[in-house]
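Q: Turn this into a structure:
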Amino acid sequence: MADLSTDFAGIKSPNPFWIASGPPANTAYQAHRAFEAGWGGVVWKTIGDPIRNVSSRYSSIDYGNMRMVGLNNIELISDRSPETNFREIAEVKKRWPNHAVIASLMVDTRENWHDFVRRSADCGADGIELNFGCPHGMCERGMGSAVGQNPDVAATIIGWVMEAATIPVIAKLTPNITDITAAARAAKRSGANAISLINTINSITQVNLDNFVPEPFVGGLSSHGGYCGPAVKPIALNMVQSCASDPEVRLPISGIGGITTWRDAAEFVALGATTVQVCTAVMHYGFRIVEDMIDGLNDYLDGKGFENLDELRGRAVDTVRKWETLDLNYKRIAEIDYGKCIGCNLCYIACEDGAHQAIALVDPAGYGLGPGRVPNKPVPEIKEEECVGCNLCSLVCPVHDCITMVSVENGLERLAWADYQTRLAAGDATAFAPHP
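A: Model prediction:
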């Protein structure tokens, strides 16, 4: 069985699965339950001057039968006193000495940062996460994403923190920024030991068309909130890879954003993360989802012949390049497994109306149709010469692996746009004639 233990900027945990700072990490009771279920770490709900929350606080996007594909919240940091939170962190750490317990902090002045950093260390926390990401409520007070969106301000505050820090410091970055690597570089420049990303994305998820107030509803008004859950995973993966590939960052990364399964976690690790943090999925399904995450990740690593997470970490980072480096002469086309085809013809409709008209409907005779096919109903057939390999048909097909994409040899040499521009500048435009 593969070794799932992690060392994240000096913070050790039995596995990479951490509870992210949020509602599931609000109390010692929850931290105990999380560790009993198998989680490797807990990042405490952000501690600062106690606030007062509103009612209600959440709204969501549903898709088909799937609830909470995206979750919006306007909840703020902990509404409990710092004294209570630090006392409970000490209690949890005493009971679970081999698990990671991280204090998430958000305060204002240099003196307050020094005070809270020292109190975090004094209570036994393994590390400190600086919440520079909250996009609602706290940013109006000059904290949260108001800091994270300004790398110079973030660097100043990290500098204050490092003056007093005796345990590892993690800067939590906001995705509500044009270039997240600017914030990551600022974290590196000012001495942070690691970064975590992403925090929630500014959003309005829905509008009630009877009263014209977006949810969540608060006395006839609403507010923009923080978006999280499975829907944000692609954005998170992109930003994690951007930071992992930046030579000016080179910091350990804790990946956050839409992680629900072991496969999600593996993707974050492959793009450079050392640990992963989960919040929305726990709010949806409970702490015990980590059991499947641990088993699934172990099985995957064993199947690949990897002995530990280090062998997976970062393997996909360098495969992401600028568009101009991609081979314009590479050819891929769709291929249909007629033994699996159920005859919905959705691939034809999608290609005909939304793509490249590269699928025809033909007589079904001799195609070895799969079970459940309607007799004499036309069969989709790929027009190989016209297929541009866009992948759309394989994506809309409801049957797994019924339509796959296969590489085909076309006899053309590799040529990227950047290479073509170089040749063009040298007076050679024969290798590739771009489409108008």
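Q: Using PDB, write out every CA atom in the host helix or strand of residue 353.
A: According to DSSP states H and E, residue 353 maps onto helix 346-354. Included here for helix 346-354 are C-alpha records, laid out as PDB according to Å, rounded to 0.1, in the frame of the first residue of the first chain:
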ATOM      1  CA  LEU A 346     -27.100  13.000 -29.400                       C
ATOM      2  CA  CYS A 347     -23.600  13.000 -31.000                       C
ATOM      3  CA  TYR A 348     -25.100  13.700 -34.400                       C
ATOM      4  CA  ILE A 349     -27.300  16.600 -33.100                       C
ATOM      5  CA  ALA A 350     -24.400  18.200 -31.200                       C
ATOM      6  CA  CYS A 351     -22.100  18.000 -34.100                       C
ATOM      7  CA  GLU A 352     -24.600  19.000 -36.700                       C
ATOM      8  CA  ASP A 353     -26.000  22.100 -34.800                       C
ATOM      9  CA  GLY A 354     -23.100  23.000 -32.500                       C
END
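Q: average model confidence for that helix?
A: The average pLDDT for helix 346-354 rounds to 97.
Q: Now find how far off-centre it is within its chain.
A: Between the centre of helix 346-354 and the centre of its host chain there is 30 Å, according to CA atoms, centre = their mean, to the nearest Å.
Q: swap in stretch 350-363?
A: Taking CA atoms, centre = their mean, one finds stretch 350-363 lying 34 Å from the centre of the chain it belongs to.
Q: Could you give me the buried positions within it?
A: For stretch 350-363, the neighbour count (16 or more other CB atoms under 10 Å) marks 350, 351, 355, 358, 359 as buried. No exception for glycine: its C-beta is placed from N, CA and C like everyone else's.
Q: any idea which of those is closest to residue 37?
A: residue 350 (41.3 Å; CB to CB).
Q: May I ask you to confirm that that closest one is in contact with residue 396?
A: Yes. Judged on CB atoms under 8 Å, residue 350 makes contact with residue 396 at a distance of 4.6 Å.
Q: need the helices for the stretch 301-436 of the chain, in chain order.
A: Per DSSP state H, counting those that start in this stretch, the stretch 301-436 of the chain carries helices over the ranges 346-354, 392-396, 417-425.
Q: now those helices in CSV, with distance to residue 1?
A: Converted to CSV, the helices of the stretch 301-436 of the chain look like this (distance: least, CB to CB, whole Å):
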stretch, distance to residue 1
helix 346-354, 41
helix 392-396, 34
helix 417-425, 45
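Q: Figure out which of these is closest to residue 60.
A: Closest among the helices of the stretch 301-436 of the chain, using CB to CB: helix 392-396, at 24.1 Å.
Q: Report the rounded mean pLDDT for that closest one.
A: Mean per-residue pLDDT for helix 392-396: 97.
Q: Run through who's touching that helix.
A: For helix 392-396, contacts defined as CB atoms under 8 Å, 6 or more residues apart in numbering pick out 334, 346-347, 350-351, 354-355, 359, 380, 382, 403-405.
Q: one step back: tell me the helices and strands packed up against the helix holding residue 353.
A: Judged by 3 or more CB pairs under 8 Å, 6 or more residues apart in numbering; DSSP states H and E, the packing partners of helix 346-354 are strand 359-362, helix 392-396.
Q: Pairing partners for the shortest one, with directions?
A: Put plainly, it is strand 359-362. strand 379-382 (antiparallel) (DSSP bridges).
Q: still on that earlier bit, distance to residue 78 added to the buried residues of stretch 350-363, as a markdown table?
A: Listed next are those as a markdown table, based on distance: CB to CB, whole Å:
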| residue | distance to residue 78 |
| --- | --- |
| 350 | 47 |
| 351 | 52 |
| 355 | 49 |
| 358 | 55 |
| 359 | 55 |
